[in-house]
Structure formats: C-alpha cells, structure tokens
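Engineer: here is my input, please return the structure:
(one chain, ligands or ions: 1)
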Amino acid sequence: MSATSLSFDPPRGMRDFYPEDMRWRNRVFDAWREASVNYGFQPYDACVVESLDLLQRKSGEEVSEQIYHFEDKSGRKLALRPEMTPTLARMIAARQGQLGFPVKWFTVAQCFRYERMTRGRKREHYQWNMDIVGEESVSAEIEILAAAAAALHAMGMPADAYRIRVNNRALLAELLAASGIAPKHHAAVFLALDKRGKISDDEITALLCAEGLDSAAIGKTFELLGVETLDQAAALAGPASPALAALRELFALADIYGIADRLVFDIAVIRGLAYYTGIVFEAFDTQRRFRAIFGGGRYDSLLTTIGGAPTPAVGLGFGDVVVVEVLKELLGEAAAADKRGVVIGYMFPEQREAATRLARSLREQGERVDLMLARLKPKQFFARASASDAADAIFIGPDDVAACSAKRKDLATREETVIALA
Ligand code: HAM
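Structural biologist: Sure, this is the predicted structure:
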C-alpha cells in the first residue's frame, strides 16, 4: 500500500481529541468526578475488553446487536464493552460476601457500540456510571439524580436548560396487566414502546403483533402512552399502586433535594435495556433538540440473572457526546477555555537566560508557565500568547533585563503589573 492511500481520519465513529476537544472533555470529566466524590461515591474500573457471554442478552435489545466482538488467539470470545453495567454486576457478584451494602460506586468508562451514526451517536463514547447496589428505597434514585444535576451545574448547564423525565416500569407493568396484557409480554412491550419516535407506530404495531398481542391489546397499549399525570395514572392503577407510591415519594424527595423543578413524569420514558425493573429516567435538553443526555434506572434482577444473590440496584449512564453538543450550543464553542498561568517570551537570544530563570522560578512556585522555545518578535509573541491557554504574558526585551524588571500583562484586561527579574 502506498503511503498516500492512508487516511488521516480515525476509523468511522471513533474520535480523535485535539487540545480544543480535550478542553471540553476535561470540563465534563472534572464535573463527573467532582459530583461523584461530593456525593460519597467510590471509584472503580475494569478493562474495556469483557467476555462476550456476559454482555450478550437474548432479549432483542439494540445494544446486544451492536457489540464489537472478536476471538483471541486461544479462541476466547471477547468484546469491547458497550456499557458498564454487566461488568459492574460481575464485579459485585464476585465479592458479594465481602462487600458492605449498599455500595455507591462510580467510573468513567469508554464504551463501544456499532451504532448507526446520527447526531449525538458515535461508535465510541465515554460514559459516567454511578450505581448504588443494595438499596431498595428511592433514596438511591434521588441521590443519583441529585448527583447528576450537580455535575450538570458544575459544567455550566443552567437548571432550566434540561429536564429529567421519570417513569416507573413497574407502573407500566401494572397498567398493562390491568389492560389484560400478561406479564410474559411486558418485557417485549417495553422494548417495542421504547422505539417510539425512532421507528413508526406501524412498525411498533408490527412488533407487538409478532409478540402475540391482538389489536385490542395493541390499542390499549398505545392508549397508556396518553397518560400525562400521576393522577391520571392513579385513576387507572388504583390509589394503592406501589409503583405509583414510589414515584410520588421520589418527587417529594426531589423537592427536599432542590431539584423538583427539573423532574417531570413521562410515561413514554421506558429505556431500551431489558434489565430495568422499576423507576427509569432520561434527561433531555428542555427543547428536546438533542438525544438523551443521560439515562438510567432500577435493575433489581440483574445480579441474579448473572448468577449472583438477589440484590437491588439503581444506576445511571451519562455520555460525553450529547452534553458537549448541548453545552457548546448554550455557552458557545469557546466556553471551555480555562485560561490560567503565564506565557513567557523574549526578544533576542541575550534575554533567553533571564526568561528561563523567571520561568524556572514561577514553575517552582507551582505556576503554569509556557516558555517560548525561541526568540520572537513582540507581535508574534503576543499573537501566540493570546491563542494560548495562559491568562497572562511576560515579554522580556533588552530594557527589561537592564532594569531588572518586566511587565506581566493580563491578556483579557490588558492591565500590566511590574515584576522583578531577580
Ligand atoms: P444507555 O441509555 O444505553 O444506558 O446509555 C447511557 C448514556 O450513554 C446515554 O444517555 C448517552 O448519554 C450515552 N450513550 C450511549 N450510547 C452512545 C453512543 N453510541 N454515542 C454517544 N453516547 C452514547 C446504559 O448504558 C446503562 N448501562 C446505564 C446504566 C448504568 N443503567 C444503570 N446503570
């Protein structure tokens, strides 16, 4: 192959991160880590390569069909993880006897999915995962939602710019059962209804038909999606519904946590993963111009599915792709700049020593210093300083060395302070 035929692009759907991209990525990662630690979550990690057996489920979820998989040289069937939850469940199951429950763990995991590429969807993304394992009450859900809200705040996202849409699969199950749809169909109905908006209602009808639902049952299923309030749901499910009580408690707690303004009930939020058993949620920009910013929910049966002891669990997955698109639109492309420290330059080779000594001294004091590698003309230097990540600039010429002082210029305000060149 000739060198000219090599593409400079990364493989389709994979991303390169240039410094201007890293500014955004770091802003997001810093907010994720800070919120996790501030809410009492402990870090964990695992390898991006997982065994295919753990990741594959036969429920007809999209994610199972999107797995990048391969065989190693010994014929082991391996995969790049498309999500972190099965790995977390495996790690918890491996130490189930030793861990003190509930555990609150977080990680930032790179995940791979062979996706159809659309806005906000790549074939690789970083996903913040926060999970609470071993807590049955909605205290777990609200902690996770409040931590996610704290991370969005730290990134600069205004509270009115997003909404967290909350539902309960158990409520939907109660309503489906009340409509005469047997529990054995519920999982398939959830996955079909989750596709609403992505495929046509006719295609969803075809999926429900294939599951064995007759046209009356399909009609009732679509009718349920018209429920708009918890009171309407109560009229159908009955006032004693435990699923409804859990939702009401979550909204009451949201008020105490100060995030009630961002939470809305939405019966159409179902989630595309089969393992959820209870409350589910997805966050969107308020205008709903982008895909989900994050999603998650309660999955009380996953540990038993993989062979562990029954353990309740709630978690969230929050990707880096959509949130950066939303933030750029709200705050502008340049908003991630974090200008700190100083650029130091010099006019002639004779000032190199003074510039280097100053850089050394400031670096020893812990300051960020970008020392120019060669002499520059003043115009060149200030153009480079303005384009850099530094807040200030110091340019040393012959007169400065003679006077044993130089000017430190704030690049934003153009204010100058005189500093000593010792
Ligand atoms: P998920 O909804 O499949 O859930 O993904 C969670 C988030 O990851 C999405 O809301 C989105 O931000 C991001 N994401 C997913 N796929 C892509 C993609 N192809 N490109 C860009 N971003 C993407 C889960 O993965 C669950 N395991 C979350 C969870 C944790 N549930 C409980 N614990």
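
Engineer: C-alpha from now on. contacts and neighbour counts both.
Structural biologist: Noted.

Engineer: tell me the residues of this protein that contact the ligand?
Structural biologist: Counting by CA under 6 Å from any ligand atom, the positions of the chain adjacent to the ligand are 83-85, 113, 115, 120-123, 125, 127, 129, 131, 292-297, 314-319, 321.

Engineer: kindly recompute the last result at 5 Å.
Structural biologist: 83, 85, 121-122, 292-296, 315-319 (CA under 5 Å from any ligand atom).

Engineer: any buried residues in the one helix or strand Met91 maps to, and which?
Structural biologist: Here Met91, judged by DSSP states H and E, is contained in helix 85-94. Buried residues in helix 85-94, defined by neighbour count with 16 or more other CA atoms under 10 Å: 85-90, 92-93.

Engineer: show me which of those residues is closest to the ligand.
Structural biologist: Among the buried residues of helix 85-94, Thr85 lies closest to the ligand (CA to the nearest ligand atom), at 4.7 Å.

Engineer: got any ranges where this structure has weak pLDDT?
Structural biologist: 1-4 (pLDDT under 70).

Engineer: packing partners for the helix of greatest length in it?
Structural biologist: When the chain is scanned for its longest helix (criterion: DSSP state H), the result is helix 19-38. Judged by 3 or more CA pairs under 8 Å, 6 or more residues apart in numbering; DSSP states H and E, helix 19-38 is in contact with helix 139-155, helix 320-331.

Engineer: go with 6 Å
Structural biologist: Applying 3 or more CA pairs under 6 Å, 6 or more residues apart in numbering; DSSP states H and E, one finds that helix 19-38 contacts helix 139-155.

Engineer: got the angle for the helix it packs on vs helix 19-38?
Structural biologist: Interaxial angle, helix 139-155 versus helix 19-38 (axes from the mean of the first three to the mean of the last three CA atoms, to 10 degrees): 140 degrees.

Engineer: kindly format the C-alpha coordinates of helix 139-155 as CSV.
Structural biologist: C-alpha atoms of helix 139-155 as CSV (Å, rounded to 0.1, in the frame of the first residue of the first chain):
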residue,chain,number,x,y,z
SER,A,139,-33.3,7.2,48.5
ALA,A,140,-30.9,5.6,45.9
GLU,A,141,-32.7,7.0,42.9
ILE,A,142,-32.8,10.5,44.3
GLU,A,143,-29.1,10.5,45.3
ILE,A,144,-28.1,9.6,41.8
LEU,A,145,-30.4,12.1,40.2
ALA,A,146,-29.2,14.9,42.5
ALA,A,147,-25.5,14.0,41.8
ALA,A,148,-26.2,14.1,38.1
ALA,A,149,-27.8,17.5,38.5
ALA,A,150,-24.8,18.7,40.5
ALA,A,151,-22.5,17.5,37.7
LEU,A,152,-24.6,19.4,35.1
HIS,A,153,-24.4,22.5,37.3
ALA,A,154,-20.6,22.2,37.6
MET,A,155,-20.4,22.0,33.7
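
Engineer: helices or strands up against that helix?
Structural biologist: helix 19-38.

Engineer: got the angle for the helix it packs on vs helix 320-331?
Structural biologist: Using the same axes, to 10 degrees: helix 19-38 against helix 320-331 is 100 degrees.

Engineer: list the buried residues for helix 19-38?
Structural biologist: 23-25, 27-29, 31-36.

Engineer: closest to Asp389 out of those residues?
Structural biologist: Arg23 (9.9 Å; CA to CA).

Engineer: okay, the buried residues of helix 19-38 in JSON lines with distance to Pro398 next?
Structural biologist: Below are the buried residues of helix 19-38 laid out as JSON lines (distance: CA to CA, whole Å):
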{"residue": "Arg23", "distance to Pro398": "36"}
{"residue": "Trp24", "distance to Pro398": "40"}
{"residue": "Arg25", "distance to Pro398": "41"}
{"residue": "Arg27", "distance to Pro398": "40"}
{"residue": "Val28", "distance to Pro398": "44"}
{"residue": "Phe29", "distance to Pro398": "44"}
{"residue": "Ala31", "distance to Pro398": "45"}
{"residue": "Trp32", "distance to Pro398": "48"}
{"residue": "Arg33", "distance to Pro398": "47"}
{"residue": "Glu34", "distance to Pro398": "46"}
{"residue": "Ala35", "distance to Pro398": "49"}
{"residue": "Ser36", "distance to Pro398": "51"}
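
Engineer: quick one: which of those residues is nearest to Asp399?
Structural biologist: Asp399 lies nearest to Arg23 out of the buried residues of helix 19-38, by CA to CA, at 37.0 Å.

Engineer: excluding covalently adjacent residues, which one is nearest to the closest one?
Structural biologist: Ala336 (5.7 Å; CA to CA, 6 or more residues apart in numbering).

Engineer: how many residues are close by the one you found?
Structural biologist: 22 (other CA atoms under 10 Å).

Engineer: now do the phi/psi pair for it.
Structural biologist: phi -80, psi -10 (degrees, to the nearest 10).

Engineer: that one and the ligand: what is the separation?
Structural biologist: 19 Å (CA to the nearest ligand atom, to the nearest Å).

Engineer: pull the distance from the helix holding Met91 to the chain's centre.
Structural biologist: Mean-position distance between helix 85-94 and its chain equals 20 Å (CA atoms, centre = their mean, to the nearest Å).

Engineer: can you give the contact residues for it?
Structural biologist: Helix 85-94 has contacts (CA atoms under 6 Å, 6 or more residues apart in numbering) with 303, 308.

Engineer: I am finished for the moment; much appreciated.
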